[in-house]
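K.L.:
Just a sequence and a predicted model for now, questions to come.
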Amino acid sequence: MTSTRTYLDYNASAPLRTEARAAMIAALDAGGNPSSVHAEGRKARAIVDLAREQVAALVGAKPSEVVFTSGATEANASVFAERWDTMFVPGIEHASVLAPAAANGGRVIDIPAHANGVVAAEEIAERVLRGDGFGRAMAALQLANNETGVIQPVAETAAFARAHDIFMHCDAVQAAGRIAIDIAELGVDTLSLSSHKIGGPKGAGALIIRDGVQLPVYMAGGGQERRRRGGTENVAAIAGFGAAAELAARDVARAAQIKVLRDVLETAVLELTPEAIILGAEAARLANTSCIAWPGKLAETLVIRLDLAGIAVSAGSACSSGKVGQSHVLAAIGLMPEIAGSAVRISLGPETTARDCDAFLDAWRAMRGPREASPQKFTAAGSGGPLHVSSGVH
Ligand code: PMP
């Protein structure tokens, strides 16, 4: 990041970590094919094997349970290579879960979310007990939502699913490196991860498939990834993913520090604009995520004005670039379109500083304009200067 820019969009993509870049550059020089038996091949294989251990350790899995993919979109899609008779799929899931579920051919049962952003997972139980979970059934539940950061009841839902012979998939993309993940404790059959959300390169990810879980082969070919996913491995990207995973596992311990910054930022935003609404604030949330609706404003305009002020955030309505429209996540938690359309997502990372938050608040205040009666709590007495979130942190 150049010093003139403030990057607060880690949920879209985290900056590449120095160590991940170094691992990738080293791997680019490993010329062989990991499937070859000669020394060059074995060198490439060793790089992939190390990354497999690093990624497995991030979620408490065995290296043999890791299937490298081109990203979490592929990992999520591959779960739907099975022709499911019944799929319980919350409306707040990522498009890479919703779309393959809709295309699967089986019956999709939409699971709603409460207004606080938590999926009404109890409805899965109600529907199953009513006899809705017929045939080969699956449930998908993300560990944390990409827009609100709200943490979902995965372990409880998986326990119910297991008791009723329902396959359970978890998209853990946004939770990785932010909260501790132990796949055995979660009790899910499969779990997806994305490299670029944890400081690895884009275009790499993994599906963790627990030992003994049967899924059809998604991509047949040369028998790579223990015959689950054919294709010569993207060795350099996998190496970067592995290095990032090792560091992300350590980042979990820094969540409390990030939460302090996020909470001070939210307090300051509410001081500046009391009409703002922090979405998901009543639920357990990732420490790094803040989804703020500013009624009366248009999120896309806010994002553009913040960008012009040097600050990168997302509209709550758009996770992928250039996509403008209503957020299906915010609609699924029952927000009125006018409120949902005013929501911006600020997402912090391990590199975020109080200075970054200050820059955001300066820009937020500039967009608000002068207000006679507004509280001045964060402004240095008599200075009339900019708000400094750091004054609240120290
Ligand atoms: N799931 C979630 C919750 C995400 O936020 C994303 C990325 N926006 C994905 C899946 C897709 O990941 P990838 O970019 O690696 O395909």
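P.N.:
Thanks, I have it. Numbering: from 1, shown residues only.
K.L.:
Are we agreed that residue 128 is in a strand?
P.N.:
No. Read with DSSP: H, G, I helix; E, B strand; the rest coil, residue 128 is helix and lies in no strand.
K.L.:
With adjacent residues omitted, what lies nearest to it?
P.N.:
Spatially, and ignoring its direct neighbours in sequence, residue 128 is nearest to residue 164 (5.4 Å; C-beta to C-beta, 6 or more residues apart in numbering). For glycine as for every other residue, the C-beta is placed from the backbone atoms N, C-alpha and C.
K.L.:
The one you found - how many residues pack around it?
P.N.:
Residues within reach of residue 164, counting by other C-beta atoms under 10 Å, total 14.
K.L.:
Also the one 5 residues further on?
P.N.:
Residue 169 has 28 neighbours, counted by other C-beta under 10 Å.
K.L.:
State the pLDDT value of it.
P.N.:
On pLDDT, residue 169 comes in at 98.
K.L.:
The residue nearest to residue 128 against residue 133, yeah?
P.N.:
Yes. Counting by C-beta atoms under 8 Å, residue 164 does reach residue 133; the two are 6.5 Å apart.
K.L.:
Mind telling me which residue of the stretch 151-300 of the chain is nearest the ligand?
P.N.:
Nearest to the ligand in the stretch 151-300 of the chain, going by C-beta to the nearest ligand atom, is residue 194, at a distance of 3.3 Å.
K.L.:
element containing residue 168?
P.N.:
Using DSSP states H and E, residue 168 falls within strand 167-171.
K.L.:
Tell me if that strand is near the ligand.
P.N.:
Yes. For strand 167-171, a contact with the ligand is found by C-beta under 6 Å from any ligand atom, at residue 171.
K.L.:
still on that earlier bit, now do the same contact list for the spatially closest residue to the residue of the stretch 151-300 of the chain closest to the ligand that is not a sequence neighbour.
P.N.:
Nearest non-adjacent residue to residue 194, counting by C-beta to C-beta, 6+ apart: residue 72, 3.7 Å away. Listed by C-beta atoms under 8 Å, 6 or more residues apart in numbering, the contact set of residue 72 reads 94, 96, 171, 173, 192-194, 197, 205.
K.L.:
Cross the residues you listed against strands and list the overlap.
P.N.:
Cross-referencing the contacts of residue 72 against strands under DSSP state E gives 171, 192-194, 205.
K.L.:
Please check the residues you listed and keep the buried ones.
P.N.:
Among those, those scoring as buried are 171, 192-194, 205 (criterion: 16 or more other C-beta atoms under 10 Å).
K.L.:
what would those look like in JSON lines with distance to residue 312?
P.N.:
JSON lines is the format used below for these (distance: C-beta to C-beta, whole Å):
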{"residue": "171", "distance to residue 312": "24"}
{"residue": "192", "distance to residue 312": "25"}
{"residue": "193", "distance to residue 312": "23"}
{"residue": "194", "distance to residue 312": "19"}
{"residue": "205", "distance to residue 312": "23"}
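K.L.:
ok, the residues you listed vs residue 305, which is closest?
P.N.:
Distances from residue 305 to those, taken as C-beta to C-beta, are shortest for residue 194 (29.0 Å).
K.L.:
Show me the strands in the stretch 51-200 of the chain, by range?
P.N.:
In the stretch 51-200 of the chain, the strands defined using DSSP state E, counting those that start in this stretch lie at 66-69, 86-90, 107-111, 137-140, 167-171, 190-194.
K.L.:
so which of those is the most packed in?
P.N.:
Ranked by mean neighbour count, those are led by strand 190-194 with a mean of 29 (mean count of other C-beta atoms under 10 Å).
K.L.:
Return the list of strands paired to it, each annotated with direction.
P.N.:
Sheet pairing of strand 190-194 (DSSP bridges) gives strand 167-171 (parallel), strand 205-209 (antiparallel).
K.L.:
next helix or strand past the last one?
P.N.:
Tracing the chain past strand 205-209, the next element assigned as helix or strand by DSSP H and E is helix 235-251.
K.L.:
Can you spell out which helices and strands pack onto that next one?
P.N.:
Secondary-structure packing of helix 235-251 (3 or more C-beta pairs under 8 Å, 6 or more residues apart in numbering; DSSP states H and E): helix 18-28, helix 39-58.
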